[in-house]
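1. turn this into a structure:
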Amino acid sequence: MPELNTPIIAMLRDAGIAYRILPHQNAVTTVIEAAAERGVEPDQLVKSMLLRDMGGQLALACVPGTESVDPKKVRAALGCRRMTCVDSQHVQSITGYSPGMVTPLSVMGMVPILFDPSLGDFDFINISSGSPMAGVELRYQDLVAFCQPTVVDIRRDGELKA
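-> Numbers count the residues shown, from 1 in each chain. Reported below is the predicted structural model:
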């Protein structure tokens, strides 16, 4: 793979955060496929969901790869009215990234970022590199220190893992 230099990689490099690029042999569309390509557990992938409340406030909710975000819990954490996922057609126009490639780094300083505490179950987690052909592995604590998310329970309860 030629040297990967995306805005996300540049942010990590410029901040002096240690990371490892995990290239894919194939483009992926699911968490399970991405985890298999990267050789990691699916829950090590950070699933990032962009939500919007009725007043237009945006937030990025992040959970482990096989979990789902509970919009009611996000709403409660932010003190918002009803929150729903931003439809995939608008995610890129808001973040600059297509669905599946949005990371906390891609919205830092633009919207509140919430992490479910279960993301800390692994020392190393994976985010998108900004390219469909690679992920980035970094320490959970480094991502938290850099992004300064609110860490609060936002996982949907009672679902079977996918």
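
2. can you pull the contacts of the residue positioned nearest the centre of the chain?
-> Among the residues of the chain, Ser48 comes closest to the average C-alpha position under Cα atoms, centre = their mean, at 3.3 Å. For Ser48, the contacting residues are 60-62, 102-104, 127, by Cβ atoms under 8 Å, 6 or more residues apart in numbering. Glycine gets a C-beta too; all of them are placed from N, C-alpha and C.

3. can you rerun that using 7 Å?
-> Ser48 is in contact with 60, 62, 102-104, counting by Cβ atoms under 7 Å, 6 or more residues apart in numbering.

4. and which of these is nearest to Ser131?
-> Nearest to Ser131, judged by Cβ to Cβ, of these is Thr103 at 11.7 Å.

5. out of the contacts of Ser48, which end up buried?
-> 60, 62, 102-104 (16 or more other Cβ atoms under 10 Å).

6. let's see which of those residues end up in helices.
-> Those of these mapping onto helices are Pro104, per DSSP state H.

7. rebuild the buried ones among the contacts of Ser48 as JSON lines, extending it with distance to Val151.
-> Below are the buried ones among the contacts of Ser48 laid out as JSON lines (distance: Cβ to Cβ, whole Å):
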{"residue": "Leu60", "distance to Val151": "13"}
{"residue": "Cys62", "distance to Val151": "10"}
{"residue": "Val102", "distance to Val151": "19"}
{"residue": "Thr103", "distance to Val151": "16"}
{"residue": "Pro104", "distance to Val151": "12"}
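
8. ok, so of the buried ones among the contacts of Ser48, who is nearest Met110?
-> Nearest to Met110 among these: Leu60, at 8.7 Å, using Cβ to Cβ.

9. before we move on, back to that, from the contacts of Ser48, which has minimum pLDDT?
-> Lowest pLDDT within the contacts of Ser48 is found at Val102 (91).
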